[in-house]
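A.B. asks: After the sequence you'll find the predicted model.
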Amino acid sequence: MSLLAGSLFGVLRGVTLVVFAATAGASSCYFLSKLIGRPLISSLWPDKLVFFQDQVAKRREGLLNYMLFLRLTPTLPNMFINVASPIVNVPYHTFLLATCIGLIPAAYVTVKAGITLGELESIGDLYDITSIGTLFLIGLASVTPTLISKKMPS
């Protein structure tokens, strides 16, 4: 979808469409997991569930940064994040914001790839300095809150 969105709609509209569609899918997964997954996990492993919910509650103030980190790095599959978040009591507004922001870099890369594939004339066209600079700035912006919070005294 991302490659096609880039070819059809351009970068800005393509990224917007992909992020909106992916966020809608992630939100559907979140609410299904809240409806079905939480009661199931609660009946199977109540002690483990309470432990993880307590861990999330302790880190409530930095939860957005943590969720952004999970979305931006490929440490966990997005499907796991979508399913586990409501079970461990991640608030929906935090989940939604982290999902919207966290999906932008991947959407940008794939939409840009769709445009590039349509216009590709040589291998050198793959390395656009603007794209590399944009990705660098997105990455820098995503880790800045964490770096600032580590510098501040507790």
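C.D. replies: Looks like it arrived, so ask away. Not measured: the values here are computed from a predicted model.
A.B. asks: Give me the distance between the top helix by length along the chain and the centre of its chain.
C.D. replies: Under DSSP state H, the helix in the chain containing the largest number of residues is helix 2-32. When distances are taken as CA atoms, centre = their mean, to the nearest Å, helix 2-32 is centred 12 Å away from the chain's centroid.
A.B. asks: Output the below-cut-off pLDDT ranges for this structure.
C.D. replies: The chain contains residues with pLDDT under 70 at 1-3, 6-7, 120, 122-127, 152-154.
A.B. asks: The chain: helices as residue ranges?
C.D. replies: For the chain, the helices defined by DSSP H cover 2-32, 38-44, 46-58, 63-72, 78-87, 92-102, 104-119, 129-151.
A.B. asks: Mean neighbour count added to these, as a markdown table?
C.D. replies: C-beta: built from backbone N, CA, C; applies to glycine. Shown next, in a markdown table, are the helices of the chain (neighbours: other CB atoms under 10 Å):
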| stretch | mean neighbour count |
| --- | --- |
| helix 2-32 | 17 |
| helix 38-44 | 13 |
| helix 46-58 | 12 |
| helix 63-72 | 19 |
| helix 78-87 | 18 |
| helix 92-102 | 18 |
| helix 104-119 | 18 |
| helix 129-151 | 12 |
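A.B. asks: elements contacting the longest helix of the chain?
C.D. replies: Applying 3 or more CB pairs under 8 Å, 6 or more residues apart in numbering; DSSP states H and E, one finds that helix 2-32 contacts helix 78-87, helix 92-102, helix 104-119.
A.B. asks: Those: which one's closest to residue 67?
C.D. replies: Taking CB to CB, helix 92-102 is the member of the helices and strands packed on helix 2-32 nearest to residue 67, at 3.4 Å.
A.B. asks: Could you report the neighbour count for residue 36?
C.D. replies: 11 (other CB atoms under 10 Å).
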